[in-house]
Every structure is written in C-alpha cells, then in structure tokens.
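*Asks:* predicted structure and sequence below. I'll ask about it afterward.
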Amino acid sequence: MSTYQVVEKFVSINGEGRRAGELAAFIRFKGCNLQCSYCDTSWANEPGCESERLTEEEILSWIRETGVKNVTLTGGEPLLRKGMEELIEAILEDPFRRVEIETNGSVDLKPYHILKKRPSFTMDYKAPDSGMEKEMLLSNLELLGSEDTLKFVVSSRRDMEKALEILEKYRLVGKTAVYFSPVFGRIQPVEIVDFLMEKKLNDVKLQIQLHKVIWDPQKRGV
Ligand SMILES: C[S@@+](CC[C@H](N)C(=O)[O-])C[C@H]1O[C@@H](n2cnc3c(N)ncnc32)[C@H](O)[C@@H]1O
Ligand SMILES: Nc1nc2[nH]cc(C(=O)O)c2c(=O)[nH]1
Ligand code: SF4
Ligand SMILES: [Mg+2]
C-alpha cells in the first residue's frame, strides 16, 4: 500500500479557488517538479524539508476527525505522488466529501479524469513571469470542465496578455471557471481590475489569496 510524504495538514478557510471562504482540510504533499519564481511554498519542495509518511488510512482518519467536507490536496505538486489516484478515490468513497486538487498544469490530468468520481481541479497556467510556462501541458486545457478552475497567477501586463491569448485560443471562458490572481506583493490588484475592464473580460474573476489578508502572509498552517 502506498504511503504519502506530507509536510503539513491543517484546517483553515480556503483562501483560493471557487470555494474560497469555505472551511477546508488541507493536505500538503512534499516536492514539486517546477520552480516558479514566486512560489510561496518553496520550503515544501526542499529535499531536506521535514515530513511525515502517512498511509492512506491515516490520511482518511485525519480527514474524518476534522469533520470538514472540503478536502484540498496541494503541495508541492500533489499529482506527482505515487498512489494519488487511489487516495482520491478513497476520500471520495465518503459521499459527504469533496476533493479539490491544486495542480501546476504540467502533469497530465487524464488518469484523474476517468476516475469513478472525479475531483475538482484548480489548475494553474503558469504565465511567463513564473519562468515555467514552457512546462505547461496544453492538452490539460481540454480536460477542464464546469467543476474545475483555471488560474493565472500574474505579476505583470505581459502575464495578463498571455492569459488572454490562452483563453481566446482554447475558448476557455464559459467552459471552466477562470481566475486571475496577483502574485502576492508583485502587482497591485487594481491593475488586474483595470485589465479586466479594458479587455471587457466577462466571466473572469479576480482573486486575492484570502489567507494572506487574514494572517501574516508568511504564516504556515493557515
Ligand atoms: C503553492 S501551489 C501548490 C499546487 C501546485 N504546485 C500549483 O502550483 O498549482 C498552490 C497555489 O498557490 C499559488 N501561489 C504560489 N505562490 C504564490 C504567490 N506568491 N502569490 C500568489 N499565488 C501563489 C500557485 O500559483 C498555486 O495556484
Ligand atoms: N488558506 C489557504 N488556502 C489555500 N488554498 C490553496 C492553498 C495552497 O497552498 O494550495 C492554500 C493555502 O495554503 N492556505
Ligand atoms: S508548481 Fe506550485 S509548488 Fe511548484 S514551484 Fe510552482 S507554485 Fe510552487
Ligand atoms: Mg498556499
């Protein structure tokens, strides 16, 4: 049976995505294949980062104890972890739970798309300033549906122009939820609002990471 290297698990409000503001039980898995210029959890990607190795049953039991309906699997990059399909299926066996996966856009979503019960994906398209755009697996864009979210974390006009190009090329608005989110501290949110107005971008939402407004932006476990 698989075990999973978990760097933290906590209950908070979800600060991002379509369930922002709702309680969620977070499990953060160790390690990532990308190195985004702005990553706020790069500590979780360090080989030396402390972690606990948990079995599926230990994770399920912690989730049950929280009493929280929304489960967010994040990292690091959760979809790189061996046994993740099994874990998602096991969590979703309880009809009370909802699973949301934070994923970086470089890992193929197909194996998860065909699960009996599908989780909801919040997938980034890494914009140019991240330095990771070349890693994007464009076929993933076709797999996103009405229960998923496509997120552009942007820090410049160049990033927003690129986001718009992708949205138009793949006709994504209306197909999946679309968010623009500022790289924390690197762009004023009003610049995003101005861009949405200028381009008349209906059905695209601005999102500010709520947990960084509520708590110290550096604080872990919230
Ligand atoms: C830490 S990542 C973990 C999941 C996955 N590796 C990914 O990139 O989606 C979770 C989310 O936080 C966002 N994020 C990371 N650093 C950020 C920052 N400095 N400002 C805003 N969002 C950030 C990422 O873009 C991603 O949407
Ligand atoms: N409160 C809170 N909400 C979040 N939503 C996605 C997060 C993440 O790091 O993936 C996150 C996080 O780190 N904290
Ligand atoms: S993909 Fe996610 S976890 Fe990995 S470096 Fe980028 S923001 Fe950080
Ligand atoms: Mg975070």
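*Replies:* The structure has been received and is ready for your questions. Ligands and ions are numbered 1, 2, ... in the order given.

*Asks:* run the chain-centre distance for stretch 30-47.
*Replies:* Computed by CA atoms, centre = their mean, to the nearest Å, the chain-centroid distance of stretch 30-47 equals 13 Å.

*Asks:* output it as CSV - backbone C-alpha positions only.
*Replies:* Extracted in CSV, the C-alpha atoms of stretch 30-47 (Å, rounded to 0.1, in the frame of the first residue of the first chain):
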residue,chain,number,x,y,z
LYS,A,30,6.2,17.2,-0.4
GLY,A,31,8.1,18.0,-3.6
CYS,A,32,7.5,19.7,-6.9
ASN,A,33,8.8,19.4,-10.4
LEU,A,34,8.7,23.1,-11.1
GLN,A,35,10.4,26.1,-9.6
CYS,A,36,8.1,29.1,-10.0
SER,A,37,9.8,32.4,-9.4
TYR,A,38,7.1,33.5,-6.9
CYS,A,39,6.4,30.2,-5.1
ASP,A,40,5.1,30.8,-1.6
THR,A,41,5.7,27.2,-0.5
SER,A,42,9.1,26.5,-1.9
TRP,A,43,10.1,25.3,1.5
ALA,A,44,7.8,22.2,0.9
ASN,A,45,9.9,21.4,-2.2
GLU,A,46,13.2,21.2,-0.5
PRO,A,47,14.6,17.7,-0.3
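
*Asks:* next structured bit after the helix ranked longest in the chain?
*Replies:* Across the chain, the helix with the greatest residue count (assigned by DSSP state H) is helix 157-169. Downstream of helix 157-169, the first helix or strand assigned by DSSP states H and E is strand 177-182.

*Asks:* show residues contacting that next one.
*Replies:* Residues from elsewhere that reach strand 177-182 (CB atoms under 8 Å, 6 or more residues apart in numbering): 16-18, 146, 148-155, 160, 163, 167, 172, 188-189, 192, 195-196, 203-209. (Glycine included, C-beta is placed from N, CA and C.)

*Asks:* nearest spatial neighbour of residue 55, skipping sequence neighbours?
*Replies:* Leaving aside its chain neighbours, residue 55 sits nearest to residue 3 (5.4 Å; criterion: CB to CB, 6 or more residues apart in numbering).

*Asks:* got the angle between the longest helix of the chain and strand 177-182?
*Replies:* With axes from the mean of the first three to the mean of the last three CA atoms, to 10 degrees as the basis, helix 157-169 and strand 177-182 are set at 170 degrees to each other.

*Asks:* begin at 674 from now on, thanks
*Replies:* Okay, residue one is now 674; in that scheme the one you just asked about reads as helix 830-842.

*Asks:* what residues of helix 830-842 count as buried?
*Replies:* 832-833, 835-837, 839-840 (16 or more other CB atoms under 10 Å).
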